[in-house]
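> Quick one, structure for this:
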Amino acid sequence: MEIKTLSISLLLLLAATAAGAEDIDRIVLRVNEEILTLYEYEDRKAGEISTILADQRLDATQRQERLEQAGKVVMQSTFSEMLLLSFAQQQGTRISDSEVEETVRGLMERQGIETEAQLQQALSDSGMSMEDVRSNARRELLWQQVVGREVQPKVKIGEEELRAYYRNHLDDFRTPEQRQIKEVIVLESSGLPDAELRRIADEIRAALAAGSEPDTVIEPYREKEVTTGLIDLDWLRADELEASLSAAAWALAPGDVSAPIAARGGYHIVQVSDLRAAEVKPLAEVEELIMRREYGSRFNRELRLFLSGLEQNAYIVEDLPPESVGYRNLGPNLETEDELELFRAPVLDAPGEAEAAAEPASG
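Okay, the predicted model is just below:
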């Protein structure tokens with residue numbers, strides 16, 4: 001049985017079956033006063049598996065690799081979350097009920113949920129309760145406060161650092177030369193002998209090079225399905241064309257027409273209409289991108305250091321499911337645009353999202 005065909009409910013059933021006679025309330029991880037039960041772990045793992053199966057960007061190999069790591073990823077993200085929540089508890093960080101309700105209202109607005117009835121339906125579709133929503137909202141607000149107080153102030157990027165990054169990464173901001181290209185193909189599929197195809201291609205090339213109107217030259221052949229019409233390939237980089245066509249096009253000046261090139265489908269006659277020279281974008285155009293990139297990198301580094309410090313001083317007890325063993329070694333190798341996504345609990349899925357996630361993913 002392929003795991004990608006399993007529904008959410010079946011995944012949960014299998015998780016419970018796999019546990020056998022084990023108590024689903026067994027504590028599999030304790031971080032100070034925070035605990036994770038086997039049931040909570042299996043529930044989160046089922047959600048992670050659903051997300052992987054629904055991710056259309058993954059090919060079959062990538063999906064299988066992610067599925068094999070699901071237990072470790074869930075345990076690692078939950079461990080990070082528990083470290084932060086425990087620290088918040090120790091520091092006396094509190095979230096008021098009014099803040100929680102405001103967060104829930106904001107969530108409803110972002111997802112277009114206008115009434116309490118719609119919210120209840122969304123919760124039903126997602127297999128959640130209002131208690132779940134408020135609990136997740138409170139946890140999210142807690143880690144936002146902790147990270148905002150303990151990590152973000154350490155992330156600072158000066159003007160000179162931006163300029164240094166720009167100087168050291170000029171290739172990242174280089175726009176390669178582009179050429180505006182048109183072509184006509186004398187078609188192999190016409191069934192004419194190769195010598196005749198080449199003769200027609202030479203004739204078309206000579207007429208275009210002499211300045212004749214392309215439609216006038218090509219149309220008689222196109223009507224007989226000997227050629228294509230004039231194909232506008234628009235602006236292309238050299239690596240976006242077949243190698244032989246690219247070499248020919250990049251040897252031309254604007255307005256020039258290439259000799260016939262034997263390539264896929266027949267003989268190609270290429271014309272370059274215009275070109276854009278390669279250039280490096282000025283700092284002013286990419287400053288915001290650099291800021292985001294560097295801020296994200298430094299933020300993730302500071303967050304890891306902060307979590308590492310919490311881990312060293314934490315009381316940790318593990319009774320792990322076998323597939324999650326080694327989860328702490330996973331952390332430094334995880335790649336994510338936002339490290340906080342590793343332990344941000346979803347407050348509420350969009351209506352219908354749970355069902356969509358349960359559908360088999362292609363690939």
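> When you work out contacts or count neighbours from here on, use the C-alpha atoms and nothing else.
OK.
> Would you map the strands across the chain?
With strands called from DSSP state E, the chain shows them at 27-31, 34-37, 174-175, 178-187, 231-237, 261-263, 266-276, 279-280, 316-318.
> What segments of this structure are helices?
For the chain, the helices defined by DSSP state H occupy 8-19, 38-54, 60-90, 97-110, 116-126, 130-150, 159-168, 194-209, 214-223, 243-249, 283-312, 353-358.
> how about a markdown table for these, with mean pLDDT, mean neighbour count and distance to V184 added?
Below are the helices of the chain laid out as a markdown table (pLDDT from 0 to 100; neighbours: other Cα atoms under 10 Å; distance: least, Cα to Cα, whole Å):
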| stretch | mean pLDDT | mean neighbour count | distance to V184 |
| --- | --- | --- | --- |
| helix 8-19 | 47 | 15 | 52 |
| helix 38-54 | 91 | 21 | 42 |
| helix 60-90 | 93 | 20 | 38 |
| helix 97-110 | 87 | 15 | 50 |
| helix 116-126 | 76 | 16 | 54 |
| helix 130-150 | 87 | 17 | 58 |
| helix 159-168 | 91 | 13 | 42 |
| helix 194-209 | 95 | 17 | 9 |
| helix 214-223 | 92 | 15 | 8 |
| helix 243-249 | 95 | 17 | 12 |
| helix 283-312 | 90 | 15 | 38 |
| helix 353-358 | 34 | 17 | 45 |
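> In a markdown table: those, plus distance to D319.
Below are these laid out as a markdown table (distance: least, Cα to Cα, whole Å):
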| stretch | distance to D319 |
| --- | --- |
| helix 8-19 | 13 |
| helix 38-54 | 9 |
| helix 60-90 | 12 |
| helix 97-110 | 33 |
| helix 116-126 | 29 |
| helix 130-150 | 24 |
| helix 159-168 | 45 |
| helix 194-209 | 73 |
| helix 214-223 | 73 |
| helix 243-249 | 57 |
| helix 283-312 | 17 |
| helix 353-358 | 29 |
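> closest one to D232 among these?
Closest approach to D232 among those is made by helix 214-223 (11.9 Å; Cα to Cα).
> Output the contacting helices and strands for that closest one.
helix 194-209 (3 or more Cα pairs under 8 Å, 6 or more residues apart in numbering; DSSP states H and E).
> Could you export the helix it packs on as PDB, CA atoms only?
Once non-C-alpha atoms are left out, helix 194-209 reads as follows in PDB (Å, rounded to 0.1, in the frame of the first residue of the first chain):
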ATOM      1  CA  ASP A 194      16.300  16.700 -46.900                       C
ATOM      2  CA  ALA A 195      18.000  18.400 -49.900                       C
ATOM      3  CA  GLU A 196      14.700  20.100 -50.800                       C
ATOM      4  CA  LEU A 197      14.200  21.200 -47.200                       C
ATOM      5  CA  ARG A 198      17.600  22.800 -47.200                       C
ATOM      6  CA  ARG A 199      17.000  24.500 -50.500                       C
ATOM      7  CA  ILE A 200      13.800  26.100 -49.200                       C
ATOM      8  CA  ALA A 201      15.500  27.100 -46.000                       C
ATOM      9  CA  ASP A 202      18.300  28.800 -48.000                       C
ATOM     10  CA  GLU A 203      15.800  30.600 -50.100                       C
ATOM     11  CA  ILE A 204      13.900  31.900 -47.100                       C
ATOM     12  CA  ARG A 205      17.100  33.000 -45.400                       C
ATOM     13  CA  ALA A 206      18.300  34.900 -48.400                       C
ATOM     14  CA  ALA A 207      14.900  36.700 -48.900                       C
ATOM     15  CA  LEU A 208      14.800  37.700 -45.200                       C
ATOM     16  CA  ALA A 209      18.400  38.800 -45.200                       C
END
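> so that helix versus strand 178-187, what angle?
For helix 194-209 against strand 178-187, the angle by axes from the mean of the first three to the mean of the last three Cα atoms, to 10 degrees is 140 degrees.
> circling back: comparing the strands of the chain, which yields the minimum mean pLDDT?
Of all these, mean pLDDT reaches its minimum on strand 174-175 (a mean of 88).
> S96: how many residues sit nearby?
When neighbours are defined as other Cα atoms under 10 Å, S96 has 10 of them.
> quick revisit: which among the helices of the chain is found nearest to I27?
Closest among those, once you apply Cα to Cα, is helix 38-54, at 6.1 Å.
> Check which helices and strands the closest one is in contact with.
Against helix 38-54 (3+ Cα pairs under 8 Å, 6+ apart) you get helix 8-19, helix 60-90, helix 353-358.
> returning to that earlier point: nearest approach to I261 belongs to which of the helices of the chain?
helix 243-249 (7.0 Å).
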